[in-house]
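A.B. asks: Give me coordinates for this.
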Amino acid sequence: MIVVVDSRLDVCEAFKTTLGREGYAAISFDPEDFIGWFQSSQELDLAAVEGILLGDFESREILARSIKSKVQIPAIALNDFNNLDGTLKLYKAGMDDVVRKPVHAKELIARFDAIKRRGTESHSSLWSVDGLVVYGDGR
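C.D. replies: Alright, predicted model coming up:
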């Protein structure tokens, strides 16, 4: 599942539709609603999230820090316009990638996959309990 966060309903719906065409389930949230959902979710529940897309809204640097302090889910920020200072702030806040719109869903999926591949080298198992190990890479 891919989570789309944007204050504009039409942007959320467009990304949900295009990701759905590529075979990915997507859910969307307004930034305020996302904060409540994210903070109330357990880490194991968030394991079903394959990536987070943050649209162009005010508090996304704060949101990026919050996401990365809790879990290592790939997170991509989407920019409406080129803005070097804003892009650098997002990377500093912990975003894995920053992409300028328009962008095709296939490219976003490829970016999420690349981020996950880099992360599996240092985080090989998702969790382990009493000898049962679950890996995030399909094992």
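A.B. asks: Phi first, then psi, for residue 89.
C.D. replies: phi -60, psi -40 (degrees, to the nearest 10).
A.B. asks: longest single helix anywhere in the chain?
C.D. replies: Counting residues, the longest helix found in the chain (DSSP state H) is helix 105-120.
A.B. asks: hmm, who's touching that one?
C.D. replies: With contact meaning Cβ atoms under 8 Å, 6 or more residues apart in numbering, helix 105-120 is reached by 2, 15, 18-19, 21-22, 24, 50-51, 53, 72, 74, 76, 96-97, 99, 136-137. Glycine gets a C-beta too; all of them are placed from N, C-alpha and C.
A.B. asks: Tell me the buried residues within the residues you listed.
C.D. replies: Burial by neighbour count, 16 or more other Cβ atoms under 10 Å: within these this picks out 2, 15, 18-19, 24, 50-51, 53, 72, 74, 76, 96-97, 99, 136.
A.B. asks: Could you find the lowest-pLDDT member of those?
C.D. replies: Scanning those for pLDDT, the smallest score is found at residue 136, 63.
A.B. asks: So which of the buried ones among the contacts of helix 105-120 sit within strands?
C.D. replies: Among these, the ones falling in strands (DSSP state E) are 2, 51, 53, 76, 97, 99.
A.B. asks: Make TSV from those residues and add distance to residue 86 to it.
C.D. replies: Shown next, in TSV, are those (distance: Cβ to Cβ, whole Å):
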residue	distance to residue 86
2	22
51	20
53	16
76	14
97	14
99	13
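A.B. asks: ranges for the helices of this structure?
C.D. replies: Per DSSP H, the chain carries helices over the ranges 9-21, 31-40, 43-46, 60-70, 84-92, 105-120.
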